[in-house]
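**Q** can't give you the sequence, but here's the structure:
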């Protein structure tokens, strides 16, 4: 059977016009990470039955699939059609066709979120300190507080000595409790660059009184500077008084063009079946499990910004975020809006009947198919770490060459 096709130029036009489209790379993640279009999302052909209905909620959404000549496209199309997806086409010429059309390929995973982070630093001149400077502050027992914005499991594996875990979406809500003295310098770190840039700029955007800087290049930079890491830490930041944080976060969201909706308006959005709607609860997993609004999937706010291509493969879709305190939803939404998403924050909804139960977690892929991030674990080679940093440094220029992103920075 001849598969219906679409050209690279037509896909690019849809992306530029912000039409809904899911451009799916159906290779395994390790192959995807070697190069793909900016707004492509990875969904390996052998995981479609597991992932598609969660990640592609509208069955008639335009879907375009491609590989690099491995013969996976027909299998992927068949599996999508078996699940009821009715608007599936193959990218004419596959990945080679995209390159032949003169379009950019981006390496690694979560590439457009990482490129956006580099653009934020370039436009806002987000302040940072080198590992050696931070190590000196620690040695002198300076008035600093180091906040690690990675997932807690990443933090527990290894962390900057003395740091506490405050995952990125929680920063504006918890930073004042972690550093109540406005004279305390807050140092934000992640594994590499993106989450620390976004976290630092979040606190600056929200008007926190403290001086805030990023640890330049995160735990990678710390390791390359031959500084020691702490292992097995379990310190967590706590929620402090939230009224000022709530007002400041809402102002940041407003400046980014985020709209607030009530439950009735949110239901109206969900009723528009000709548009894809993603609904995410951006609180931590324990809060979600204790009670969440029906229809909202858990995705912690900091990780949602970092992994938006994984969470929402349909570019051009709408996103509604929920958070009973508001701060995390507003700050997360502010970043998604700057990345070109039509983003809403739900006001209320927690005073009615709530569903109870843990987040839905997809089975992990075979380790042999997974891309090994150069910032995971404690046994990564220094050459791989440095190569990763060099790649990140070049992303702003690559965005300029690609010229399709539509990002803006407040």
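**A** In hand now; what should we look at? Everything quoted here is computed from the prediction, not taken from an experiment.

**Q** which residues outside the helix or strand containing residue 76 are in contact with it?
**A** Per DSSP states H and E: residue 76 is located in helix 73-82. Contact with helix 73-82 is made by 3, 24, 26, 43, 45, 48-49, 52, 63, 65-67, 88, 90, 94, as judged by CB atoms under 8 Å, 6 or more residues apart in numbering. (C-beta placed from N, C-alpha, C; glycine too.)

**Q** in those residues, find the pair that's most separated.
**A** The largest distance within these, taken as CB to CB, falls between 49 and 94 and amounts to 22.3 Å.

**Q** who has more neighbours out of these two?
**A** residue 94 (20 against 12; other CB atoms under 10 Å).

**Q** from residue 115, how far off is that one?
**A** 23 Å (CB to CB, to the nearest Å).

**Q** now do the residue nearest to residue 382 when sequence neighbours are not counted, the pLDDT please.
**A** Closest residue in space to residue 382, ignoring its immediate chain neighbours: residue 224 at 6.0 Å, by CB to CB, 6 or more residues apart in numbering. According to the prediction, residue 224 has pLDDT 95.

**Q** over to residue 224: give its phi and psi.
**A** Main-chain dihedrals, residue 224, degrees, to the nearest 10: phi -60, psi -30.

**Q** how about residue 66?
**A** Torsion angles, degrees, to the nearest 10, at residue 66: phi -150, psi 160.

**Q** next: the one 3 residues further on.
**A** As for residue 69, its main-chain torsions (degrees, to the nearest 10) stand at phi 100, psi 10.

**Q** wait, isn't it in contact with residue 97?
**A** No: in this structure, residue 69 is not within contact of residue 97 by CB atoms under 8 Å, at 10.5 Å.

**Q** what about residue 240, distance to residue 176?
**A** Counting by CB to CB, the gap from residue 240 to residue 176 is 5 Å.

**Q** more crowded one of the two?
**A** Set residue 240 next to residue 176 and count neighbours by other CB under 10 Å: residue 176 wins out with 21 against 15.

**Q** which SSE is that one in?
**A** In the assignment (DSSP H and E), residue 176 maps to helix 171-178.

**Q** what sits closest to residue 191 if chain neighbours are left out?
**A** Leaving aside its sequence neighbours, residue 191 sits nearest to residue 375 (CB to CB, 6+ apart; 3.5 Å).

**Q** in a helix, that's where that neighbour is, yeah?
**A** No: read with DSSP: H, G, I helix; E, B strand; the rest coil, residue 375 is coil and lies in no helix.

**Q** list phi and psi for it.
**A** Here is the backbone geometry of residue 375 (degrees, to the nearest 10): phi -120, psi 10.

**Q** what comes up buried for stretch 342-352?
**A** 342, 343, 344, 345, 346, 348, 349 (16 or more other CB atoms under 10 Å).

**Q** farthest pair in those residues?
**A** Between all members of those, the farthest pair (by CB to CB) comes out as 342 and 348, at 20.5 Å.

**Q** count of residues packed around residue 171?
**A** Counted with other CB under 10 Å, residue 171 comes out at 30.

**Q** going forward, the N-terminal residue is numbered 11.
**A** In the new numbering, first residue 11, that becomes residue 181.

**Q** so it touches residue 200, yeah?
**A** No: counting by CB under 8 Å, residue 181 stays clear of residue 200, with 11.3 Å between them.
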